[in-house]
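Undergrad: I would like to see how this sequence folds:
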Amino acid sequence: MTNELKERNLTMLTDFYEITMANGYFKNGVGERVTQFDMFFREVPDKGGFAIMAGVEQLADYLRNLKFTEDDLEYLASKGFEKDFLDYLRNFDFCCDIWCVPEGTPIFPYEPIVTVRGPAIQAQFIETMILITINHQSLVATKANRIVRAAQGRAVMEFGSRRSQGYDGAIYGARAAYIGGCTGTACTISDREFGVKALGTMAHSWVQLFDSELDAFCAYAREYPDSCTLLVDTYNVLKSGIPNAIEAFKREVLPRGFRPKGIRIDSGDITYLTRKARKMLDEAGFPDCAIVASNSLDEYIIRDMIQQGAKIDSFGVGERLITASSNPVFGGVYKLCAVENEKGEFIPKIKVSENVAKVTIPGAKKLWRLYDNETGKAIADLITCEDEVVDDSQPYELFDRDFTWKRKVVENYTARELLEPLFVKGKCVYDYPHIENIKEYCKNQIGTLWDEVLRFENPHNYYVDLSQKLWDLKSDMLKQIKK
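TA: Numbers count the residues shown, from 1 in each chain. From the prediction side, this is the model:
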């Protein structure tokens, strides 16, 4: 990635209360007290069966560049913060330990996907950027994967830059969409920065600019004979667009020794038009000419068009992907779960609410995924206390954390810890995997989920269970609070 993006100082991109709390911790002498926070989310977008972890690379970039500039301190002085606190920030030295679930991993509600351990001021201050980064890219990666699965092996291109929420939404949204399974993006800078292949052909204005549609197609074909895809719906798809495309292919592409790549249809009854278009192209001797469909698509429209017999080879999906418009919020939260005492012991902390869904899971924890050795499929996720080890050479009893009588003993399985180190004592240990590796890993990990979990509607509930020790801890703390 270029320094232009990687070294942006985003330290002040934070909720103001992070700064007021930091000042309060500092003034009360508890700013260096070691704390532990978890990020988790409560619901999968679109009522799906799983989400996809994304954004870890950008989180690492932010933390590596975390410092307060003199401009930052001058601003904070103008807000009334005193010199001793500003001097503390001037000498700010990040020293937290951070663990993250790897990018591309399927993730589920209530499990810790980012864990931070460090001084209260530091661990609290980075909350906003953790949530911004992971929430946004996980949301887009999750939506992209739904759309890619709906396409049933047909390529999906991310075309949403112009409808994204700001330029960072376009840049990082394209990256997340690629992790989720898209083949490329219309966003050129995301190709330069991340290697997400830039794709695209022409707009309707190209066709309108020339004296005739045929002139426009021939001009484009002369310039790009080896990658010629023509937009055929500017005037009339069947009466002029496709006939003129066929003529341009014959005049300008074939004589140069190439075959046409495709046509794109961006409006109308795409199912009907693509069936007709396929017949016309085949009869003209271009059975290898692909048909690309675009225009406000999502997973449901794509699924329906395929079921109705549309002849589409690939899809360009824009606004409904890049904004995840059907459910545009990934509700990740960041909660305190433990505080270190004078003896170096971590004391569990819990947040209680009248809303049962908002009761947190206390204590320092580990996250495990259990895989069946015969099928390779994921059985369940398991959250344990930090000092617990799952011995996968022995049977393990899982139980539903709400309906505890529902129990299952698993055998012949492999237990894998999901949280991996990102920072150790403030130093980045992230190895920055190539985006192609992240994308392939994501595809493989989704392949470990049962088809029932992959359903768009009413998916099977994938179990995220607590160990007996952790369940007892939470239960005992709730009883104590009730007393």
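Undergrad: Got the domain ranges for the chain?
TA: Domain assignment for the chain by automatic domain parsing gives 3-140+328-482, 150-322.
Undergrad: And the lowest mean pLDDT element among the helices and strands of the chain?
TA: Between all helices and strands in the chain, the lowest mean by mean pLDDT, DSSP states H and E belongs to helix 3-6, at a mean of 61.
Undergrad: Would you mark the buried spots in whichever helix or strand comes after that one?
TA: Remark: after helix 3-6, the chain's next helix or strand is helix 16-27, criterion DSSP states H and E. Of all the residues in helix 16-27, those buried under the rule 16 or more other C-beta atoms under 10 Å are 18-19, 21-23, 25-26. Glycine gets a C-beta too; all of them are placed from N, C-alpha and C.
Undergrad: Just put these in TSV and tack on distance to residue 412.
TA: Formatted as TSV, the buried residues of helix 16-27 follow (distance: C-beta to C-beta, whole Å):
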residue	distance to residue 412
18	47
19	52
21	48
22	50
23	54
25	49
26	53
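Undergrad: Closest one of these to residue 348?
TA: For the buried residues of helix 16-27, the residue nearest residue 348 by C-beta to C-beta is residue 25; the value is 20.0 Å.
Undergrad: sorry, back to before: nearest to residue 272, out of the buried residues of helix 16-27: which one, please.
TA: For the buried residues of helix 16-27, the closest approach to residue 272 (C-beta to C-beta) belongs to residue 18, at 54.3 Å.
Undergrad: how many neighbours does the residue nearest to the closest one when sequence neighbours are not counted have?
TA: Once flanking residues are discounted, residue 18 sits nearest to residue 125: 5.0 Å by C-beta to C-beta, 6 or more residues apart in numbering. Residues near residue 125, counting by other C-beta atoms under 10 Å, number 24.
Undergrad: Can you verify my assumption that residue 125 contacts residue 13?
TA: No. Assessed by C-beta atoms under 8 Å, residue 125 is found out of contact with residue 13, at 11.2 Å.
Undergrad: now residue 444: how far from residue 104?
TA: Distance, residue 444 to residue 104, by C-beta to C-beta, to the nearest Å: 9 Å.
Undergrad: which one of the two has more residues nearby?
TA: For residue 444 versus residue 104, neighbours defined as other C-beta under 10 Å are more numerous around residue 104 (25 against 11).
Undergrad: Surely that one and residue 179 touch.
TA: Yes. Counting by C-beta under 8 Å, residue 104 touches residue 179, with 5.6 Å between them.
Undergrad: between those two, what contacts are shared?
TA: Listed as contacting both residue 104 and residue 179 by C-beta atoms under 8 Å, 6 or more residues apart in numbering are 52, 54, 141, 438-439, 442.
Undergrad: Give me the below-cutoff pLDDT ranges for this structure.
TA: Within the chain, the stretches with pLDDT under 70 are 1-7.
Undergrad: Could you find the residue nearest the spatial middle of it?
TA: Computing the C-alpha centroid of the chain and ranking residues by C-alpha atoms, centre = their mean puts residue 138 first, at 2.4 Å.
Undergrad: need the next SSE after the helix or strand containing it, C-terminal direction.
TA: Per DSSP H and E, residue 138 falls inside helix 127-150. As assigned by DSSP H and E, the chain's next helix or strand after helix 127-150 is strand 155-158.
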